[in-house]
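Asker: using only what follows, build the 3D model:
(one chain, ligands or ions: 1)
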Amino acid sequence: MESPCLDLLNSEWHDYRGSGRSEDRLRQPAWLKDFVGRWGFGAAGRPGPDDIEALANLRALIRRMVDRLSHGRAPADRDLAALDRVLARGPEVVRLTKDADGYHQGSVPLRQDWDWVLARIAASFADLLTHGEPERVKVCENPDCGWVFYDESKNRTRRWCEDVCGNLMKVRRFRERRKAAPSPPPAGAPDEPGGGTA
Ligand SMILES: [Zn+2]
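Answerer: Coordinates of the predicted model:
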């Protein structure tokens, strides 16, 4: 599932291969331009430094909630209240229109500024919790990666953002087991402690 809030969260990028390299893509104009274009936020114009700070704060807020959700815990009440305040920054009104197909009712924003963008991103997260399943909001289990994704697998069993992270973790566990048991046990030797199924 694609969502502006997931995109914003993953703008904090870490090298999944464990080099320790990170990038804050929110600070990269090319990434930001792409983000704005992808989600139709262009009407808000170019973000100023304060807008980028506000995006970073919203990202930190949503990340705190996601970290709890991915451990099966509910977000903190004060974080939900903070999200509510961001939602309130982008007021909408209901409009009734009519065309050849009949009448339509829909919400339109009162303003299309950066407060509106923040509110739309916050609303996309609220959407995951209300129309989606909160248990499916997950953080990749590769500790070097931390990519946030919505698990759309049938049995909610996905643990990695991509297979490449799952394979890396398998290789790492294999190497750790090898390190724990440097020389192969002689034939017929009983299982040594620590070398079992960790
Ligand atoms: Zn990953």
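Asker: list the buried residues in the longest helix along the chain.
Answerer: When the chain is parsed with DSSP state H, its longest helix is helix 49-69. Neighbour-count burial for helix 49-69, with 16 or more other CB atoms under 10 Å as criterion, is recorded at 51, 54-56, 58-59, 61-63, 65-66, 68-69. Backbone N, C-alpha and C define where each C-beta goes, glycine included.
Asker: could I get those as JSON lines with distance to residue 101 and pLDDT?
Answerer: Compiled in JSON lines, the buried residues of helix 49-69 are given as follows (distance: CB to CB, whole Å; pLDDT from 0 to 100):
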{"residue": "51", "distance to residue 101": "37", "pLDDT": "97"}
{"residue": "54", "distance to residue 101": "38", "pLDDT": "98"}
{"residue": "55", "distance to residue 101": "37", "pLDDT": "98"}
{"residue": "56", "distance to residue 101": "42", "pLDDT": "98"}
{"residue": "58", "distance to residue 101": "36", "pLDDT": "98"}
{"residue": "59", "distance to residue 101": "39", "pLDDT": "98"}
{"residue": "61", "distance to residue 101": "40", "pLDDT": "98"}
{"residue": "62", "distance to residue 101": "37", "pLDDT": "98"}
{"residue": "63", "distance to residue 101": "42", "pLDDT": "98"}
{"residue": "65", "distance to residue 101": "39", "pLDDT": "98"}
{"residue": "66", "distance to residue 101": "39", "pLDDT": "97"}
{"residue": "68", "distance to residue 101": "44", "pLDDT": "96"}
{"residue": "69", "distance to residue 101": "39", "pLDDT": "95"}
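Asker: contacts only, for residue 114.
Answerer: Counting by CB atoms under 8 Å, 6 or more residues apart in numbering, residue 114 touches 44, 45, 47, 48, 51, 54.
Asker: got a markdown table for those residues, with distance to the ion too?
Answerer: Below are these laid out as a markdown table (distance: CB to the ion, whole Å):
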| residue | distance to the ion |
| --- | --- |
| 44 | 31 |
| 45 | 34 |
| 47 | 28 |
| 48 | 32 |
| 51 | 29 |
| 54 | 27 |
